[in-house]
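[1] Quick check, what structure comes out for this input:
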Amino acid sequence: MSEQRSPDARATPMPLTERAREACALLPVAARAEAETVIELLRLLGCDDETCASALWFSLINGLPGAADEAAKTWKPSLRRLIEGQGEAEKVWALHAQRGPVGGAEGLRRLLLAIIRDLRVVFVLLARQLAAMRTAMSLPDHERRELAQLTSDIHAPLANRLGIWQLKWELEDLAFRYLEPDTYRRIARLLDERRADRETFIASSLATLRSTLEGAGVRAELAGRPKHIFSIWKKMKKKGLEFSDLYDIRAVRILVDSVADCYAALGLVHSLWPHLPGEFDDYVARPKGNGYRSLHTAVMGPAGKTLEVQIRTHEMHRANELGVAAHWRYKEGGGADAEFEAKIAWMRKLLEPRGEDEAAELAAGFETELMEDRVYVLSPKGEVIDMPRGATVLDFAYHIHTEVGHRCRGAKVNGRIVPLTTQPRSGDSIEILTTKSSEPSRDWLSSHHGYLNTSRAREKVRAWFRRTAHDANIVAGKAALEKELRKLALDDVDLAKLATHFRLKGVEELFVTIALGEVSLGQIARSLQEPVEQGITQSGNPVASRAAQHDRGALSIEGVGNLLTTLARCCQPLPGDPVRGFITRGRGVSVHRADCASLSRLARKNPERVIEVSWGRVEVQNYEIDIELRGYDRKGLQKDVATTISNTGPHIVASSSRVHVQTGEVEMRFTLRVKDYEQLSMLLGRLGALPNVTDARRLGGR
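    Next comes the predicted model:
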């Protein structure tokens, strides 16, 4: 369609579609004709100028590589996304060609939707496929069948799910015609009439219905079309019926304002034409399990031909088309997760006519409203695997098979070796590298290291360690706990009371649960932060709970009024540490860890100035602590450490580092603001897992 252009091209830029159409003049005649057919179909769908232009530019890029390089410099980001999205879809077509038509088509459809960033690309893909199918008769037989199989597996189901009826029936019929030519011709002969004749029958039936409903004062919107050949064959196959037993080869739909009008319209239809016994379904009074609501009846219509009539309210129709009872779900069978259904519903809403501002707002809101919570990745065999977003390549290994996970020692993503903690994105191809022996690592159970993010994979690792020697689990759990306590600079922890806290029978069971990852080190750290009066830490000198206290936010001071409190820099106490206070001159109460060497010296000189303090219950506080890292120097180590600290949450107050040139050893010290033991424990675990770091621990005042 030509568009008016100003004589002054500099004042009025050429419309997007017209500019792309002129560029496509370089294409061969057949390719140019197919591109124009795509534009006609996109206009039929109400697509905008940018979508149409992207289809033309992609045709030029495919037909004449390099021809659009100069024009590409002026493309807006949104136009570029549309063109790139069509290129991304080529990955799915290639996968389909590799794996053949057997199974997995649903996974490929999901992958297609996952990798496309702009949903308008789907409309271009459907229009392009239909244009190709219309001319497929000129292709060699094997190419025509491959194209038809791709249409049947990917494009026709997507058109069905999106409610793009203008394209759906033709895609299905053409694919059926090329894949099952004999069956197609047999059903066409059985219809014993041309499509135009059937459409004339529908139009006549609608005119009779409209007149009858208007005469009875029932406001209604009517629509109808003949059943297409593929739909007829599918119903014959599904229900085991002969062609003569089908009553819904021709169908009409009546939309009314209220439920009462539904039944009024039903009565008028039955008074107009005799209904067929056993062919009435009331899904209004008894909705389908998926919420679908409508009245269905079959009648003997004009000229003795059967006619199916569906009657529903406008509200029911909207719910059936866009809600959980959408037409594609009960036709195709099977369910879909809520996020995927919501994505489909939004895509279908984009088809509705709307103003430019409203359409832009709807498209812009898509990503924030419906962020996909699954990723779709590929196995080396081309199988599409969907996993929760955030799953790692090690999670993927366990998803494939338990033994693959146990034997996993490395992974490749898109041909490149990556760490096992890598979180793949939709469309990535993953290959797992295994050894002959089946021996998972205990580090995989640690949330600090980030190897496994799915409960299914973690349970498989736990099950493997449960089968190993009980004594080995005790030793491993004890070592892990002792290491954690050393990192946190905690001594004299009452392990028996700690086991009781987790409702375990004894210390040995505590060690086993730690080894199996059933109690994480983060949970241990959190339990040690609970009020000291519960008696988990400092078995020898717990601070007793007092009735007369003044709550000073994070600290409670026994038997005194409103006093300033400061945390001692010498030992840097954290919530959960046993603490005592020392009354200073002019600086209020200085709070020390109970085992602080500086406090011991002060207490020997002025025992009367030592007072009892305890931690209050304020949730959010920041505390300054010092940590130390040791390891071997490498390029980027300082950056990795700083990034890890930042990503975990603490704030860096000060830092220093020292490298021993002769040995290559490095020491780093950081002063951090942390909120609690759990955050500190997580940080030290992540720092200790960095390459070249041999030790990460909290510095105390001993």
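[2] Would you map the helices across the stretch 301-450 of the chain?
    Here the stretch 301-450 of the chain has its helices, by DSSP state H, counting those that start in this stretch, at 314-322, 327-332, 338-349, 356-369, 393-400, 402-406.
[3] I'd say D595 and P578 touch.
    Yes. Taking C-beta atoms under 8 Å as the definition, D595 is a contact partner of P578 at 7.3 Å. (Glycine included, C-beta is placed from N, CA and C.)
[4] Now V659. Its backbone dihedrals?
    Torsion angles at V659 (phi, psi; degrees, to the nearest 10) stand at phi -110, psi 130.
[5] so it makes contact with E665?
    Yes. V659 lies in contact with E665 (C-beta under 8 Å); the separation is 7.4 Å.
[6] Endpoints of stretch 136-153, how far apart?
    Stretch 136-153 stretches 17 Å from its first residue to its last (C-alpha to C-alpha, to the nearest Å).
[7] Please read the previous query as pertaining to stretch 170-190.
    Counting by C-alpha to C-alpha, you get 19 Å between the two ends of stretch 170-190.
[8] How about stretch 301-310?
    14 Å.
[9] Contacts made by that stretch with the rest, please.
    201, 204-205, 208, 246-254, 269, 273, 276, 294-300 (C-beta atoms under 8 Å, 6 or more residues apart in numbering).
[10] and if you look at stretch 460-479?
    With C-beta under 8 Å, 6+ apart as the contact definition, stretch 460-479 has outside contacts at 398, 402, 405-406, 438, 440, 442, 444-445, 452, 508, 510-518.
[11] Can you say which of those are buried?
    The neighbour-count test (16 or more other C-beta atoms under 10 Å) applied to these identifies 398, 402, 405-406, 440, 442, 444-445, 452, 508, 510-518 as buried.
[12] Just the buried residues from the contacts of stretch 301-310, in PyMOL please.
    A single PyMOL command selects the buried members of the contacts of stretch 301-310 (16+ other C-beta under 10 Å):
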select buried, resi 201+205+246+247+248+249+250+251+252+253+254+269+273+294+295+296+297+298+299
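[13] Among the contacts of stretch 301-310, name the ones in strands.
    R250, A251, V252, R253, I254, L276, L295, H296, T297, A298, V299, M300 (DSSP state E).
[14] Save these as JSON lines, and put in pLDDT and distance to Y263 too.
    Below are the ones in strands among the contacts of stretch 301-310 laid out as JSON lines (pLDDT from 0 to 100; distance: C-beta to C-beta, whole Å):
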{"residue": "R250", "pLDDT": "79", "distance to Y263": "23"}
{"residue": "A251", "pLDDT": "84", "distance to Y263": "19"}
{"residue": "V252", "pLDDT": "91", "distance to Y263": "17"}
{"residue": "R253", "pLDDT": "92", "distance to Y263": "16"}
{"residue": "I254", "pLDDT": "94", "distance to Y263": "12"}
{"residue": "L276", "pLDDT": "85", "distance to Y263": "19"}
{"residue": "L295", "pLDDT": "93", "distance to Y263": "8"}
{"residue": "H296", "pLDDT": "91", "distance to Y263": "13"}
{"residue": "T297", "pLDDT": "92", "distance to Y263": "11"}
{"residue": "A298", "pLDDT": "88", "distance to Y263": "17"}
{"residue": "V299", "pLDDT": "89", "distance to Y263": "16"}
{"residue": "M300", "pLDDT": "87", "distance to Y263": "21"}
